[in-house]
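> kindly generate the corresponding structure for this input.
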Amino acid sequence: MARNFHRKERLSAVSQIDLTPLIDLAFSLLIIFMITTPLLEQTIPLDLPVETQKPQVDRNPAKYQVISIAENGDYYWGTELVGAQRLNLLLKQLSDQVDPPTLDIRGHHNIAYQKIVDVLDLVSKNNLNKISLNTQVK
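All right, here's what the predicted structure looks like:
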């Protein structure tokens with residue numbers, strides 16, 4: 001005997017909802033949240049200090065001492081041509097000051113990087129730590 005799959009009442013409402021797509025969506029969202037939650041928790045919780053809203057005191061403008069390195073490798077203290085030994089002596093004199101100026105180091109773009117490292121080494125040996133490396137904006 002053959003089965004008859006036709007409904008007797010053609011216009012009657014379906015009384016059950018298909019839950020399969022809803023369960024698939026729930027599992028997909030669960031997987032997405034399981035992957036993204038560890039990524040959101042990578043910050044270090046800190047209790048930051050609170051700043052009062054009072055006007056800032058004007059500070060003295062920063063003092064700069066320019067050290068330039070020419071394309072041929074010559075060192076300049078401001079506009080004065082100096083050798084490596086004289087540069088070391090001038091840096092030593094700066095380190096003896098109470099508030100030494102910021103060293104503004106400028107190097108020609110064609111010089112070897114080692115020349116800049118040599119100047120930074122002299123600065124480090126004289127315990128100077130306020131350094132600015134100049135670049136050109138394209």
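> show me what the biggest helix by length in the chain is packed against.
Ordering each helix of the chain by length in residues (DSSP state H) puts helix 20-40 first. Applying 3 or more Cβ pairs under 8 Å, 6 or more residues apart in numbering; DSSP states H and E, we find helix 20-40 packed against no helix or strand. Where C-beta positions appear, they are placed from N, C-alpha and C, glycine not excepted.
> next secondary structure after it?
Following helix 20-40 in sequence order, the next helix or strand is strand 64-69 (DSSP states H and E).
> tell me the buried residues in that next one?
65-69 (16 or more other Cβ atoms under 10 Å).
> quick revisit: only alpha carbons, please: show the longest helix of the chain as PDB.
The C-alpha coordinates for helix 20-40 follow below in PDB (Å, rounded to 0.1, in the frame of the first residue of the first chain):
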ATOM      1  CA  THR A  20      18.000  24.000  12.400                       C
ATOM      2  CA  PRO A  21      18.900  27.400  10.900                       C
ATOM      3  CA  LEU A  22      18.500  29.100  14.300                       C
ATOM      4  CA  ILE A  23      20.800  26.600  16.000                       C
ATOM      5  CA  ASP A  24      23.400  27.000  13.200                       C
ATOM      6  CA  LEU A  25      23.300  30.800  13.700                       C
ATOM      7  CA  ALA A  26      23.700  30.400  17.500                       C
ATOM      8  CA  PHE A  27      26.800  28.100  17.100                       C
ATOM      9  CA  SER A  28      28.300  30.500  14.500                       C
ATOM     10  CA  LEU A  29      27.900  33.400  16.800                       C
ATOM     11  CA  LEU A  30      29.300  31.400  19.700                       C
ATOM     12  CA  ILE A  31      32.500  30.600  17.700                       C
ATOM     13  CA  ILE A  32      32.900  34.200  16.600                       C
ATOM     14  CA  PHE A  33      32.700  35.400  20.200                       C
ATOM     15  CA  MET A  34      35.100  32.700  21.400                       C
ATOM     16  CA  ILE A  35      37.600  33.900  18.900                       C
ATOM     17  CA  THR A  36      37.300  37.600  19.400                       C
ATOM     18  CA  THR A  37      37.000  37.700  23.200                       C
ATOM     19  CA  PRO A  38      40.700  36.900  23.900                       C
ATOM     20  CA  LEU A  39      41.700  39.600  21.400                       C
ATOM     21  CA  LEU A  40      39.700  42.200  23.300                       C
END
